[in-house]
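> Here is the input, now give the coordinates:
(2 chains)
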Amino acid sequence: AQTVTQSQPEMSVQEAETVTLSCTYDTSESDYYLFWYKQPPSRQMILVIRQEAYKQQNATENRFSVNFQKAAKSFSLKISDSQLGDAAMYFCAYRSSNSGGSNYKLTFGKGTLLTVNP
Amino acid sequence: GAGVSQSPSNKVTEKGKDVELRCDPISGHTALYWYRQSLGQGLEFLIYFQGNSAPDKSGLPSDRFSAERTGGSVSTLTIQRTQQEDSAVYLCASSLAVVPRNSPLHFGNGTRLTVT
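I've put the predicted structure just below:
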């Protein structure tokens, strides 16, 4: 079974600075998808960024980028020019791409609570 | 609707009572998922619907939990004889389809269940 580990329960960053959230995962599969979701106090999970494992290029969405290290099974999220609205819980998630098995499930880490200080 | 809608937003119930949680997915989304988020934990998969059928119910914690989906749309998660350990946020998500597998899940705001 796949597992996702977020080793930082809490992180803080100054407004306009850069912060990196860590995520590692364990899988025996070669093809899969990785996601970062943001959960503000409203509780709604919002997709921040996604990465296909077969792509070597790191995904980027505006101020958000990932450092995907497939061999190390690492998928960190970098937030540049942090804004107050970035404060939230961030979850890393894994999804298998196999046509059989439970490829519809997202396996989540336990989350990292990000605080942005003005 | 514009997004996934869940009701109620908050529910407080006494131990032993039954509760029903409702999820209204985005129109046209065939896949629907229920997850549970307990305090300090990540999201735990409960059940998945493709249309009205649930190919995988393995995440349901006990036989007190059941879910159904009708008309390929609204889903109801029912918890019978609630226990204090059932207290959590119950999140519903929908997606256009299971394939492509990188398609994003769209989540609702969840129902916070408190069992006293």
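> which residues sit in contact with B:Ala31?
Neighbouring residues of B:Ala31 by CB atoms under 8 Å, 6 or more residues apart in numbering or on different chains: A:Tyr104, B:Tyr48, B:Phe49, B:Gln50, B:Ser94, B:Ser95, B:Leu96, B:Ala97, B:Val98. (Glycine included, C-beta is placed from N, CA and C.)
> pLDDT score assigned to it?
Confidence at B:Ala31, expressed as pLDDT, is 90.
> got it, and B:Gln84?
Each residue has a pLDDT score; the one for B:Gln84 is 95.
> What about it, how many residues nearby?
By other CB atoms under 10 Å in any protein chain shown, the residues close to B:Gln84 number 9.
> so it makes contact with B:Ser38?
No: using CB atoms under 8 Å, B:Gln84 is not in contact with B:Ser38, being 11.6 Å away.
> Near chain A, which residues of chain B? Just list them.
Within chain B, the positions adjacent to chain A are B:3, B:31, B:33, B:40-43, B:45, B:48, B:50, B:56, B:89, B:91, B:93, B:98, B:101-102, B:104-105, B:107-110, B:112 by CB under 8 Å from any CB of the partner chain.
> Point out the ones among those residues that are inside strands.
Per DSSP state E, strands hold the following members of the residues of chain B next to chain A: B:Ala31, B:Tyr33, B:Leu43, B:Phe45, B:Tyr48, B:Gln50, B:Asp56, B:Val89, B:Leu91, B:Ala93, B:Phe107, B:Arg112.
> hang on, isn't the second one packed against B:His106?
No: in this structure, B:Tyr33 is not within contact of B:His106 by CB under 8 Å, at 10.1 Å.
> shared neighbours, those two?
Overlap of the contact sets of B:Tyr33 and B:His106 (by CB under 8 Å, 6+ apart) consists of B:Ala93, B:Ser94, B:Ser95.
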